[in-house]
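In: With the input below, show me the fold.
(2 chains)
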There are 2 protein chains.
Amino acid sequence: VAVDEELAALAERLQARCLAAGLTVGTAESCTGGLVAHAVTTIAGSSGYFRGAIVAYEDDVKERLLGVPREVLAAHGAVSAQTARAMALGARDRLPADLAVSVTGIAGPGGGSADKPVGLTYVATAGPGGVEVARHAWTGDRAANVRSSALAALEMLVAAAEAAVPA
Amino acid sequence: VAVDEELAALAERLQARCLAAGLTVGTAESCTGGLVAHAVTTIAGSSGYFRGAIVAYEDDVKERLLGVPREVLAAHGAVSAQTARAMALGARDRLPADLAVSVTGIAGPGGGSADKPVGLTYVATAGPGGVEVARHAWTGDRAANVRSSALAALEMLVAAAEAAVPA
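Out: Numbers count the residues shown, from 1 in each chain, chains lettered A, B, ... in the order given. Below you'll find the predicted structure:
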């Protein structure tokens, strides 16, 4: 109902790989508000590898539930490579999961600044192969930016899952 | 992009009421996989009242992150009024939020039993006015059952928010 074919196709590919490799997955989401988890769980059988998600919309929830250090938030802001990295590591540790993805960005229309414009988004994965962080600068409206972020998160999850050597 | 008009209309109504009454909101989701949080956050300005979500797809995540007692899960199962109640109270306490909703159900196509068929879903709210739990027996496919559960969750949130006397 609520997820388009491109998101669903990535979720199916992720599920096939994770079930085959015995990898569990979780998400830590800010601007996507749970869309990555929702996309993953539209696929029947996702309970075989998907652990859950922490949607940390407020900064103190990022601290409390994901363990993002207050100093990281204060020094770099919620929308930063450092916070994205800490969110992914926090989800991996606390759910726990073998592989976690995080998304933090400014979906708009409000919340942007000269330094950090609407559309700026960081996506990170933390898994057996270490941590990867990607920076994006989307130029759509709120809905388009959220969708682009969710697609980017699923693409990074698939890449990390396909690169992971099964334990 | 990913949320239909009926979900979005409820999310808008919830936002208007919560911003007016100074209520914060969070979700604890199992079968909806983050769809309630995603619907809420499609509305611009949702960061003014939405705290976040804990998507607890696996039982031990319900225990770990939502504090659902192991005895409740063992005695009543993950899909039960008792677990729904504990999930809502856990989200309210741990995010924290003034008002929390929980959803736990069997979206299908797998996972059903004679006792607990596909479509069985419990939705609970925990807020200033106490705890409410509702039982549903959906008869759709996986996507339809998830959507029905998300609609029911938003409807209960709106009712609880409208009944709440501002602090």
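
In: So stretch A:91-111, near chain B or not?
Out: Yes. Applying C-beta under 8 Å from any C-beta of the partner chain, one finds stretch A:91-111 touching chain B at A:94-95, A:108-111. Backbone N, C-alpha and C define where each C-beta goes, glycine included.

In: Please flag which of the residues you listed sit within helices.
Out: Judged by DSSP state H, the residues of stretch A:91-111 next to chain B include A:R94 as members of helices.

In: could you point out the longest helix in chain A?
Out: Using DSSP H to assign secondary structure, the helix with the most residues in chain A is helix A:142-163.

In: If we go by neighbour counts, what in that one is buried?
Out: Burial within helix A:142-163, assessed by neighbour count using 16 or more other C-beta atoms under 10 Å in any protein chain shown, is assigned to A:142, A:145-158, A:160-161.

In: Run through chain A and note the low-pLDDT ranges.
Out: Scanning chain A for pLDDT under 70 picks out A:1-2, A:166-167.

In: what secondary structure does the residue of it positioned farthest from its centre sit in?
Out: Most distant from the centre of chain A: A:A114, at 24.6 Å, with distances by C-alpha atoms, centre = their mean. The local conformation at A:A114, judged by DSSP: H, G, I helix; E, B strand; the rest coil, is coil.

In: ok, now how distant is it from A:L120?
Out: Applying C-beta to C-beta, to the nearest Å, the value for A:A114 to A:L120 is 11 Å.

In: got the residue ranges for the helices in chain A?
Out: Using DSSP H, helices in chain A cover A:5-21, A:35-41, A:59-66, A:70-76, A:81-94, A:142-163.

In: Turn those helices into JSON lines, including distance to B:T24.
Out: What follows is those, written out as JSON lines (distance: least, C-beta to C-beta, whole Å):
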{"stretch": "helix A:5-21", "distance to B:T24": "29"}
{"stretch": "helix A:35-41", "distance to B:T24": "21"}
{"stretch": "helix A:59-66", "distance to B:T24": "10"}
{"stretch": "helix A:70-76", "distance to B:T24": "19"}
{"stretch": "helix A:81-94", "distance to B:T24": "21"}
{"stretch": "helix A:142-163", "distance to B:T24": "21"}
